[in-house]
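# The sequence and its predicted three-dimensional model are supplied below.
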Amino acid sequence: MGGIMRLNPGNYQVRGFAINNRAPIKNGCYSLLETEYGRWLVGALEGLYLFDVARGLVSQHPAVTKEPELGKRLITALFKDRAERIWIGTDEGFYRLSSQDETIQTQADLFPSVERTGFYVHQIMQDSDGRIWIASSKGLLEYSDISEPRLYTIEDGLPDNNVRAVLGGGGNGDLWICSGRILCWLNVGTRTVTVINRPTGNEFAEGAAIVGSNGLFYFGGLGGLTCFNPNDMYSNPFSPKPYFSSVDFDGRSRGDMVRNENGACVSVSASAIKGPLVVHWSVVNPLSYGANIFYFRLDGLDDKWHKTESRQATFMNLAPGNYILQLRCANNEGILCNGSVSMAVHIIPRWWQSRIFRALLILFSIIIFCFALTLVASLLRTKMKLHTRDAEVRRLEDDLEKTRELISGQIRDGLPGVTASDGDFLHRARQIVEANIDNEAFCSDDFAAQMYISRSKLYARIHETTGGTVSDYIRKIRFERACTLLSDDRYSISEISAMVGFSSPSYFATSFKKHMGCLPKEYGKRGDDAAS
């Protein structure tokens with residue numbers, strides 16, 4: 001972040017040169033390339049610059065005027081190929097600058113099939129055959145002037161797409177790639193990627209790779225330098241098949257296991273269990289250094305291959321049935337063995353899981369259901385009988401009440417056939433009507449409720465004692481009160497109509513004439529004529 005630092009090897013003095021005069025953070029220097037003696041290309045945090053060593057001056061590169069993006073982008077890698085073309089890697093794609101006519105080509109011109117967004121260039125190099133290799137966050141790009149470019153990704157065998165550095169050499173034209181903590185070998189002839197699964201203990205850094213004069217490869221990382229001779233990193237083509245060694249049921253070795261002539265388990269059967277089923281396997285491969293990868297699949301449970309470095313697999317609560325456990329093995333170079341080995345797994349149902357038990361359980365459930373329906377039907381019949389008996393008891397009680405009223409004697413009270421009991425009833429009824437006489441909403445339901453009898457019984461008693469309906473009885477008492485009030489000159493007809501429970505004087509007058517034979521005002525005059 002302090003710009004360019006120049007070390008004088010004669011006196012070991014260090015001199016700093018600022019890339020620009022803006023904020024110090026803008027002076028970050030990420031890549032350097034000497035294009036000619038005393039002139040350097042500088043890749044900075046923001047843009048591409050030229051550094052004149054003799055004059056100690058830093059200036060913006062002329063290419064920025066043609067391609068303004070080169071003045072804004074983070075320049076992560078610089079490389080000059082054998083054709084004197086400058087390759088410029090950025091945090092979003094790459095460019096190529098011609099040293100002859102100074103034309104600029106973008107990633108879209110050279111490799112249009114890959115979007116430059118997110119294409120972070122870590123390193124650029126050229127192999128002995130003239131191919132350009134670009135290590136990026138989206139994979140390893142191969143570019144040639146005579147063939148179509150190609151991008152190597154995880155689909156080609158890389159452990160991930162973030163390729164941090166790449167080196168070529170070893171006398172065979174092949175490449176060595178680092179990604180994370182993993183080294184890979186790319187056979188350029190066959191275009192195959194082999195993972196060298198030897199732990200390095202080093203987290204590789206972006207672009208930190210170089211070939212020494214002694215032919216050794218150096219990859220820099222957070223844990224220091226990883227150094228090796230590529231000729232010593234031979235491939236291990238041997239990948240034998242694994243074999244099943246033992247099976248544990250519910251934490252104990254049990255069940256009927258069948259082994260072949262080599263001692264490998266080929267089938268196992270056991271009763272259904274609630275605990276785990278643990279299958280153990282192994283492989284004899286002295287060239288893998290114990291770094292084997294296994295792939296297993298339990299047909300009948302799922303169709304997915306599961307990857308593991310462990311030498312066992314655990315299955316929980318397997319349902320009764322027949323399964324086939326498939327197993328494959330890969331050596332330390334990631335090379336899979338030919339074909340797979342299999343073991344038959346038969347889970348025998350317990351007695352409560354058998355078809356006979358389930359059939360009996362279904363039959364028992366049907367019997368219980370039928371019994372419950374019979375019991376409910378019996379309870380409903382009993383309830384209906386009780387309801388019918390209660391209705392008969394109420395009918396008998398009503399008949400007994402009528403009989404008691406009839407034999408209580410005929411006590412005359414001005415009305416033929418009216419008993420003393422009827423007189424009490426009519427007296428109570430008149431009191432209730434007179435108490436509600438100004439309430440126009442007073443109806444037979446209110447009347448019955450205040451008499452503490454049902455509406456049907458009220459209708460029957462009123463008809464029995466008066467010969468009319470409940471409405472006739474209420475109206476009769478209203479008009480009797482109206483006649484009394486009309487005889488008094490203190491109230492108008494409007495006031496009287498409201499006092500006897502009529503909503504309007506006109507309706508009161510119409511009803512009064514219908515039942516009394518004259519209008520309310522004529523009734524008052526009739527009283528005056530009688531008085532004179």
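Ah, there it is. Numbers count the residues shown, from 1 in each chain.
# care to break this protein down by domain?
4-232, 243-350, 354-407, 420-531 (automatic domain parsing).
# Kindly reformat these as JSON lines containing mean pLDDT and mean neighbour count.
For the C-beta atoms, the positions are set from N, CA and C on the backbone; glycine is no exception. Output for the domains of the chain, formatted as JSON lines (pLDDT from 0 to 100; neighbours: other Cβ atoms under 10 Å):
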{"stretch": "domain 4-232", "mean pLDDT": "83", "mean neighbour count": "17"}
{"stretch": "domain 243-350", "mean pLDDT": "81", "mean neighbour count": "15"}
{"stretch": "domain 354-407", "mean pLDDT": "82", "mean neighbour count": "10"}
{"stretch": "domain 420-531", "mean pLDDT": "84", "mean neighbour count": "15"}
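# in the stretch 201-350 of the chain, which spans are strands?
Secondary structure of the stretch 201-350 of the chain (DSSP state E, counting those that start in this stretch): strands at 204-211, 217-221, 224-228, 243-249, 256-259, 265-271, 276-282, 293-299, 306-308, 312-316, 321-330, 341-348.
# For residue 194, find the nearest of those.
Set against residue 194 and scored by Cβ to Cβ, the strands of the stretch 201-350 of the chain come closest in strand 321-330, at 11.0 Å.
# can you list contacts of stretch 126-135?
Identification of contacts with stretch 126-135 by Cβ atoms under 8 Å, 6 or more residues apart in numbering yields 79, 81-82, 87, 89, 94, 121-125, 140-145, 163-166, 168, 173, 175, 177, 188, 206-207.
# for stretch 260-268, that is, sorry about that
243-247, 255-259, 341-346.
# follow-up on the earlier one: make JSON lines from the strands of the stretch 201-350 of the chain and add distance to residue 45 to it.
Supplementary listing: the strands of the stretch 201-350 of the chain in JSON lines, determined by distance: least, Cβ to Cβ, whole Å:
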{"stretch": "strand 204-211", "distance to residue 45": "15"}
{"stretch": "strand 217-221", "distance to residue 45": "21"}
{"stretch": "strand 224-228", "distance to residue 45": "26"}
{"stretch": "strand 243-249", "distance to residue 45": "57"}
{"stretch": "strand 256-259", "distance to residue 45": "66"}
{"stretch": "strand 265-271", "distance to residue 45": "62"}
{"stretch": "strand 276-282", "distance to residue 45": "53"}
{"stretch": "strand 293-299", "distance to residue 45": "41"}
{"stretch": "strand 306-308", "distance to residue 45": "41"}
{"stretch": "strand 312-316", "distance to residue 45": "50"}
{"stretch": "strand 321-330", "distance to residue 45": "43"}
{"stretch": "strand 341-348", "distance to residue 45": "56"}
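# between the ones you listed, which one is nearest to residue 377?
Ranking these by proximity to residue 377 (Cβ to Cβ) places strand 321-330 first, at 42.4 Å.
# Just the CA trace of that closest one, in CSV.
Taking C-alpha atoms only, strand 321-330 is exported to CSV below (Å, rounded to 0.1, in the frame of the first residue of the first chain):
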residue,chain,number,x,y,z
GLY,A,321,-37.0,-55.5,3.0
ASN,A,322,-34.2,-56.3,0.6
TYR,A,323,-31.4,-53.8,-0.2
ILE,A,324,-28.1,-53.9,-2.2
LEU,A,325,-25.2,-51.9,-0.9
GLN,A,326,-22.8,-50.7,-3.7
LEU,A,327,-19.3,-49.6,-3.0
ARG,A,328,-16.5,-48.0,-5.1
CYS,A,329,-13.0,-46.7,-4.2
ALA,A,330,-10.7,-44.0,-5.6
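# Counting by contacts, list what it packs against.
Counting contacts by 3 or more Cβ pairs under 8 Å, 6 or more residues apart in numbering; DSSP states H and E, the secondary-structure elements packed against strand 321-330 are strand 293-299, strand 341-348.
# run the last query once more with 10 Å
Packed against strand 321-330, as judged by 3 or more Cβ pairs under 10 Å, 6 or more residues apart in numbering; DSSP states H and E, are the following elements: strand 243-249, strand 265-271, strand 276-282, strand 293-299, strand 312-316, strand 341-348.
# just how off-centre is that strand within its chain?
32 Å (Cα atoms, centre = their mean, to the nearest Å).
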